[in-house]
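Q: Sequence plus predicted model, see below.
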Amino acid sequence: MEKVRNPVVAGTFYPSNPEKLKNLLKSFFGDSFKVNTEKLIPPMGAIVPHAGYIYSGETAAKAYKKVFEKGIAKRVFLLGPNHTGFGSKISVFTSGSWKTPLGKINVDGKIAGKILKELDIYNDESAHSREHSLEVQLPFLQYAIGNDFEIVPICMMDQSLETSKNLGEILADIIEEGDLIIASSDMNHYESHEKTLLKDEKVIETLKNMNLQEMYDTIRRYNISMCGYGPVAALLSIGFTDIEIIDHTTSGLISGDYEAVVGYLSAIVSNLQK
């Protein structure tokens with residue numbers, strides 16, 4: 001029997017009703033959004049948030065729009081942090097499919113297995129059972145390009161620079177035309193709007209410089225509670241040379257609570273040098 005990972009945050013982070021979900025996504029992408037169906041994207045990456053859609057959906061959609069106006073993806077590597085504490089230090093979902101209200105997406109089991117072999121680690125897929133950071137990305141992808149692509153879901157409990165670089169280098173040997181790598185991360189958590197924007201900007205400066213050591217040092221020095229720095233570091237270790245910061249905002253702009261916000265960033269990386 002096929003292994004299916006059912007949605008766990010449909011109805012909370014995003015609508016469980018397919019039509020309501022499509023309508024919400026349409027409001028994010030806009031009426032003028034058009035996918036370039038003429039070609040595959042060049043290898044690309046995106047940094048996107050993973051909060052409830054009402055808070056961060058528009059910020060995430062801005063990155064996805066930029067990507068799919070360049071072409072379609074045939075495979076998406078999903079890198080996210082582990083919020084639950086379940087599973088192994090790095091957990092690769094190796095077979096079957098993931099389901100959302102918009103349908104099922106197959107896992108590229110061959111490539112997932114190859115990555116796992118290269119990582120040479122114990123793999124416990126329970127990391128994915130309740131984790132939202134990867135699931136919430138799928139409806140954006142499905143809205144833009146349907147269900148005719150494969151995914152490789154990777155959940156990172158170990159976000160050390162060494163582990164993140166190692167994963168990025170493994171992916172660098174695999175990535176080809178039509179591949180999109182998603183680094184799922186929210187930025188600073190639960191401080192004021194002003195303080196969060198300032199802290200986030202310190203991290204964004206290190207991203208513009210593609211300086212991972214500086215990013216880790218900055219996060220530590222200023223006590224920045226960015227949750228997916230490992231996935232971002234893995235993405236930036238693949239060999240992309242160009243980064244475009246697309247949007248930076250906080251939950252305060254939606255909730256009206258400016259005292260305890262979460263920061264959201266979207267960016268795309270391109271121009272892979274092999």
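A: Right, received. Where do you want to start? No experiment lies behind these values; they were computed from the predicted model shown.
Q: Show me what the host helix or strand of residue 215 is packed up against.
A: Here residue 215 sits within helix 212-221, counting by DSSP states H and E. If you count contacts as 3 or more C-beta pairs under 8 Å, 6 or more residues apart in numbering; DSSP states H and E, helix 212-221 packs onto helix 161-172, helix 193-208, helix 229-236. Heads up, the C-betas are built off the backbone N, CA and C, glycines and all.
Q: Can you check which of these gets nearest to residue 135?
A: helix 229-236 (14.4 Å; C-beta to C-beta).
Q: picking that back up, indicate which one of the helices and strands packed on helix 212-221 is closest to residue 223.
A: Distance to residue 223, taken as C-beta to C-beta, is lowest for helix 193-208 among those, at 8.2 Å.
Q: residues in contact with the closest one?
A: 47, 187-189, 191, 212, 214-215, 218-219, 222, 224, 226, 229, 232, 236, 243, 245, 248, 250, 252-253, 258-259, 261-263, 265, 267 (C-beta atoms under 8 Å, 6 or more residues apart in numbering).
Q: Would you mind writing the PyMOL command to select the buried ones in those residues?
A: Entered in PyMOL, the line below selects the buried ones among the contacts of helix 193-208, by 16 or more other C-beta atoms under 10 Å:
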select buried, resi 47+187+188+189+191+212+214+215+218+219+224+226+229+232+236+243+248+250+252+261+262+263+265+267
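Q: CA atoms only for the helix holding residue 215, dumped as CSV, please.
A: C-alpha atoms of helix 212-221 as CSV (Å, rounded to 0.1, in the frame of the first residue of the first chain):
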residue,chain,number,x,y,z
LEU,A,212,27.1,31.8,6.1
GLN,A,213,29.6,32.1,8.9
GLU,A,214,28.6,35.7,9.3
MET,A,215,24.9,34.7,9.3
TYR,A,216,25.5,32.2,12.1
ASP,A,217,27.6,34.7,14.1
THR,A,218,25.0,37.4,13.7
ILE,A,219,22.1,35.1,14.8
ARG,A,220,24.1,34.2,17.9
ARG,A,221,25.4,37.6,18.7
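Q: and for it, what are the contacting residues?
A: With contact meaning C-beta under 8 Å, 6+ apart, helix 212-221 is reached by 161, 164-165, 202-203, 205-207, 224, 226, 229, 232-233, 236-237.
Q: do that again at 10 Å, thanks
A: Identification of contacts with helix 212-221 by C-beta atoms under 10 Å, 6 or more residues apart in numbering yields 159-161, 164-165, 168, 188, 199, 202-207, 209, 211, 224-226, 229-230, 232-234, 236-237.
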